[in-house]
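K.L.:
Sequence first, then the predicted structure:
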Amino acid sequence: MRSPRVLRLRHLALFAPALIGCRASSATAYAPPPAYEDAGPPPSLVAFPSGPRTLHGFLYRPAGDGPFPAVVFNHGSEPMPGDRRDEAVFYVPHGFVLFVPHRRGQGRSSDAGEYIERLDRARLVDELVAQTDDVMAAVEYVRSLSYVDGARVAVAGCSFGGIVSLFAAERGTGINAAVDFAGGAMSWTHTPDLQVRMKQAARAARVPVLFIQAENDFDTTPSRVLSEEMRSAGKPARMSIYPPNGSTHQEGHHLCYGSENPAWGDEVLSFLSASAH
C-alpha cells in the first residue's frame, strides 16, 4: 500500500519543527454532501456592505449567548453556492458561528457583480483580489456581532474560496487563521499569473494557513508549493494531503465538503484552536 506524504510546516510557538508523516492511501468511499435542506438547522439570510455593494450571506450560530469563535466560509466558483449547511453541521456543534457570504456576482449576491466564470481568464486574478474585499467585509460584519469573539475569527474556503482565503491571510485584518482547501487546484497549471499572485500572498501571509487537499484532487501542487513558500519566508503553515476521496479528480476536489465528522475535522479544529492562542 502506497502512503502519500503529509507535510506539516510549523513555526514559532504555534508549530513544532517541520516533519513528514503519512496517511494510509487507500481510497475512501465518496459520499456527496448532504442535501442542504436536510443537513441541519436553517440559517438566517443577512445583508452586509462591501464598499458600495450590498451583499448577502447565510449566518448560523450555536445556542447560547457566546461569545463564540467564528468561521467565514468562502464558496468556490459555482454560480449558486447555496447556504452550505453541510459545513454548518460540523462547525456549529463545535461552538462556532458560521458565516457563508456570497461574493459579488454569485448566488444571493448575483446582482452585485459579474459572474466570475464569465470573465476573461486574463481578469481572473484581479477579480479574485477584488472578491477578497468581499471576504474582508464579511469578516468585519461577523466581528460586529455581539455574540462573536472578535479575537477568534478565521476564514476557510474551497477552490476559488481557498484562493480568496489565502488572499485574506495576506491582509490579515480581523482574522487569526486561514484554511485553504484546494485553492488553485483547477487553475494552477494554465494560469501562471495566478501562481505568481498566490506565491506572493503566501510569502506575505500575516496569519497561519492550513493547506488541505485530497491526493486525487486535480493538482496538489498549489498546496505543496505554497506551504513551502510560507516556510521559506518564516511564516506559520501546515499542509496535509489526505488519501483519495472517492475515485475521480472531481470527487477529490470535494474533500472540502462538510459533514458531522469530515476526514479533516480533527485537524481543522486543532489548527483553529492553536491559532487562537
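P.N.:
Received the coordinates, thanks.
K.L.:
Please make it C-alpha for all contacts and neighbour counts, starting now.
P.N.:
OK.
K.L.:
for the protein, longest strand please?
P.N.:
strand 148-158 (DSSP state E).
K.L.:
Neighbouring strands of it in the sheet, and parallel or not?
P.N.:
strand 68-74 (parallel), strand 177-181 (parallel) (DSSP bridges).
K.L.:
quick one: buried residues of it?
P.N.:
For strand 148-158, the neighbour count (16 or more other CA atoms under 10 Å) marks 148-150, 152-158 as buried.
K.L.:
pLDDT and distance to Pro69 for the residues you listed - can I get that in a markdown table?
P.N.:
As requested, the buried residues of strand 148-158 are exported to a markdown table (pLDDT from 0 to 100; distance: CA to CA, whole Å):
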| residue | pLDDT | distance to Pro69 |
| --- | --- | --- |
| Val148 | 98 | 6 |
| Asp149 | 98 | 5 |
| Gly150 | 97 | 8 |
| Arg152 | 98 | 5 |
| Val153 | 98 | 6 |
| Ala154 | 98 | 8 |
| Val155 | 98 | 11 |
| Ala156 | 98 | 13 |
| Gly157 | 98 | 17 |
| Cys158 | 97 | 20 |
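K.L.:
Nearest to His249 among the residues you listed?
P.N.:
Using CA to CA, Cys158 comes nearest to His249 of these, at 14.4 Å.
K.L.:
then the host helix or strand of His56 to PDB, C-alphas only?
P.N.:
Assigned by DSSP states H and E, His56 belongs to strand 53-60. The C-alpha coordinates for strand 53-60 follow below in PDB (Å, rounded to 0.1, in the frame of the first residue of the first chain):
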ATOM      1  CA  ARG A  53     -22.200  46.900  -2.800                       C
ATOM      2  CA  THR A  54     -24.800  45.200  -0.700                       C
ATOM      3  CA  LEU A  55     -24.000  41.500  -0.500                       C
ATOM      4  CA  HIS A  56     -25.900  38.700   1.200                       C
ATOM      5  CA  GLY A  57     -24.900  35.600   3.100                       C
ATOM      6  CA  PHE A  58     -26.100  32.800   5.400                       C
ATOM      7  CA  LEU A  59     -25.400  33.000   9.100                       C
ATOM      8  CA  TYR A  60     -25.500  30.200  11.700                       C
END
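K.L.:
Which elements pack onto the host helix or strand of Val100?
P.N.:
Taking DSSP H and E as the definition, Val100 sits inside strand 97-102. When contacts are defined as 3 or more CA pairs under 8 Å, 6 or more residues apart in numbering; DSSP states H and E, strand 97-102 sits against strand 53-60, strand 68-74, helix 85-91, helix 124-143.
K.L.:
So what's the gap between that strand and the chain middle?
P.N.:
11 Å (CA atoms, centre = their mean, to the nearest Å).
K.L.:
neighbouring strands for that strand, and are they parallel or not?
P.N.:
strand 53-60 (antiparallel), strand 68-74 (parallel).
K.L.:
Quick check, pLDDT for Pro42.
P.N.:
The score at Pro42 is 80. That number is its pLDDT.
K.L.:
which residues does Ala168 contact?
P.N.:
Neighbour list for Ala168: 132, 135-136, 155, 178 [criterion: CA atoms under 8 Å, 6 or more residues apart in numbering].
K.L.:
try Phe58
P.N.:
Contacts of Phe58 (CA under 8 Å, 6+ apart): 43-46, 83, 99-101.
K.L.:
so which of the residues you listed is the most crowded?
P.N.:
When neighbours are counted by other CA atoms under 10 Å, Pro101 leads the contacts of Phe58 with 31 neighbours.
K.L.:
Might you report the residue contacts of it?
P.N.:
By CA under 8 Å, 6+ apart, the residues touching Pro101 are 55-58, 72-75, 135, 138.
K.L.:
what sits against the most centrally placed residue in the chain?
P.N.:
Of all residues in the chain, the one closest to the mean position by CA atoms, centre = their mean is Gly157, 2.0 Å from it. By CA under 8 Å, 6+ apart, the contact set of Gly157 is 73-76, 163-165, 179-181, 183, 256.
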